[in-house]
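**Student:** sequence and predicted model, in that order:
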Amino acid sequence: MAVAITTVDNPFNPLDDFEGWYNWDMNHGYSTCCLLARFAPAPSDILPEAYNNQLKEQAIDRIVKLFPLTYKKVKNDETDDFNEVSLDVESD
């Protein structure tokens, strides 16, 4: 299952149409990729991919918790291409 972050008003799914999503995000001044990069450590080639993905998802959860009116977490699975996920995130 893949997860990503998006703004609540972006009509594009970053998992399905990254270019459209990115262009819309940048044109509206969000720079969500830069924000995520500040919260998540850079992926490491020596760590398992699952661990890198877990770190990214934790960073997304923190951003959504801090800015719930602006950002949301999305995921893709086999049954639905664009699901919103609501999680209870423990405080750091």
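**Tutor:** The structure has been received and is ready for your questions.
**Student:** what about the protein, any weak spots by pLDDT?
**Tutor:** Scanning the chain for pLDDT under 70 picks out 78-92.
**Student:** what residue in it is the furthest from its centre?
**Tutor:** For the chain, the residue at maximal distance from the C-alpha centroid (CA atoms, centre = their mean) is Ile46, at 22.6 Å.
**Student:** partner residues bridging Lys75?
**Tutor:** Using DSSP bridges, the beta-bridge partners of Lys75 come out as Val3, Asn83.
**Student:** how much space between it and Asn53?
**Tutor:** For Lys75, the distance to Asn53 equals 11 Å [CB to CB, to the nearest Å]. For every residue, glycine as well, the C-beta is placed using N, CA and C.
**Student:** so for those two, which sits in the more crowded spot?
**Tutor:** Taking neighbours as other CB atoms under 10 Å, Lys75 and Asn53 compare with Lys75 leading, 17 against 14.
**Student:** ok, back up a step: surely the residue farthest from the centre of the chain is in a strand?
**Tutor:** No - going by DSSP: H, G, I helix; E, B strand; the rest coil, the assignment for Ile46 is coil, not a strand.
**Student:** OK, contacts around it?
**Tutor:** Shown in contact with Ile46 (CB atoms under 8 Å, 6 or more residues apart in numbering): no residues.
**Student:** separation between it and Asn52?
**Tutor:** 10 Å.
**Student:** what comes up buried for the longest helix anywhere in the chain?
**Tutor:** Longest helix in the chain, counting residues (DSSP state H): helix 49-66. Neighbour-count burial for helix 49-66 flags 52, 55-57, 59-64 (criterion: 16 or more other CB atoms under 10 Å).
**Student:** contacts for it, please.
**Tutor:** For helix 49-66, contacts defined as CB under 8 Å, 6+ apart pick out 3-5, 35-36, 39-41, 43-44, 71-73, 87, 89, 92.
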